[in-house]
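Enquirer: Any chance you could fold what I've pasted below:
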Amino acid sequence: MKVGTDGVLIGGWAFRSLPPEYVGNAADVGCGSGVIALMLAQRFKNLTIEGIEIEIEAAKEAYYNFANSPWERRLTVCNTDYGVFAEKRDECTLNLIISNPPYFQNGALAPDMTRRIARHEGNLNFKMLIETSEKLLCDHGRLAMIIPSEHIETVRKENLSGQLHLDRICWVSTVPRKPPKRIMIEFVKSDTDQVCQEEHLTIHSASGDFTDEYRKLLTDFYLRF
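Expert: Numbers count the residues shown, from 1 in each chain. The predicted model follows:
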């Protein structure tokens, strides 16, 4: 699987309020080849991360990438459906959950099964991620995901009556003066509502170069930038 901008963005942006020494257990839901999990392992030196991936070839890629990384001992792959994983997992055992979830709800399915699973919601959707995170996250645990901007109201409605509260939102535009195409969101599990912090990120300047804010977010992860 190619390294996509969405995965890199959420891998660098999520959980920025936590220190590099943060200790805990995390799950990368729909991890694909493992890019987001690897970024978390690089950022948090005491974090243990489990990649959940239903498609076997992608899971094999993630396993290979984890095994050949400097953080092999803190990374594992679980080749299973996330719904099955959530049912078998004990409550309140995760500190962080992160996902670049499928989002093509309608339209023609991709002919290739691997791309079909990666790009279409199926059983993994925003509602499921929010509901399972309420169960799996410990107190003050966090859920982060990146979604198309048109789905923000759906996500807001899904968490209205639950324990997860929106803590951070980042609206992502590809170029200046264009409406955001993506939104990065982060929830915190808490008994009290949060004051949500909102920000905006633009990837390219008017000249086509990467913006300073985009470079600052991801400079630690690219060999050439």
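
Enquirer: Now the most centrally placed residue in the chain: closest residue in space, sequence neighbours ignored.
Expert: Centroid check for the chain by C-alpha atoms, centre = their mean gives Ser99 as the closest residue, at 2.8 Å. Sequence neighbours aside, Val29 is the residue nearest to Ser99 in space, at 4.0 Å (criterion: C-beta to C-beta, 6 or more residues apart in numbering). C-beta coordinates here come from the backbone N, C-alpha and C atoms, glycine included.

Enquirer: worst-scoring helix or strand of this structure, pLDDT-wise?
Expert: helix 113-119 (a mean of 42; mean pLDDT, DSSP states H and E).

Enquirer: Which elements pack onto whichever helix or strand comes after that one?
Expert: The C-terminal neighbour of helix 113-119 among helices and strands, as given by DSSP states H and E, is helix 126-136. Here helix 126-136 touches helix 82-88, strand 94-99, strand 137-148, helix 152-158, strand 164-173, strand 182-189, going by 3 or more C-beta pairs under 8 Å, 6 or more residues apart in numbering; DSSP states H and E.

Enquirer: Show me how far the fifth one is from its chain's centre.
Expert: Its chain's average C-alpha position is 12 Å from that of strand 164-173, according to C-alpha atoms, centre = their mean, to the nearest Å.

Enquirer: Summarise which helices and strands it is packed against.
Expert: helix 126-136, strand 137-148, strand 182-189, strand 197-202.

Enquirer: Each with direction, which strands does that strand pair with?
Expert: strand 182-189 (antiparallel), strand 197-202 (parallel) (DSSP bridges).

Enquirer: same thing with the third one?
Expert: On the basis of DSSP bridges, the sheet neighbours of strand 137-148 come out as strand 94-99 (parallel), strand 182-189 (antiparallel).

Enquirer: between the ones you listed, which gets nearest to Leu75?
Expert: strand 94-99 (13.4 Å; C-beta to C-beta).

Enquirer: quick check: angle from the closest one to helix 126-136?
Expert: 170 degrees (axes from the mean of the first three to the mean of the last three C-alpha atoms, to 10 degrees).

Enquirer: hmm, who's touching strand 94-99?
Expert: 10-11, 14-15, 22, 24-30, 36, 40, 47, 124, 129, 133, 136-138, 141-145 (C-beta atoms under 8 Å, 6 or more residues apart in numbering).
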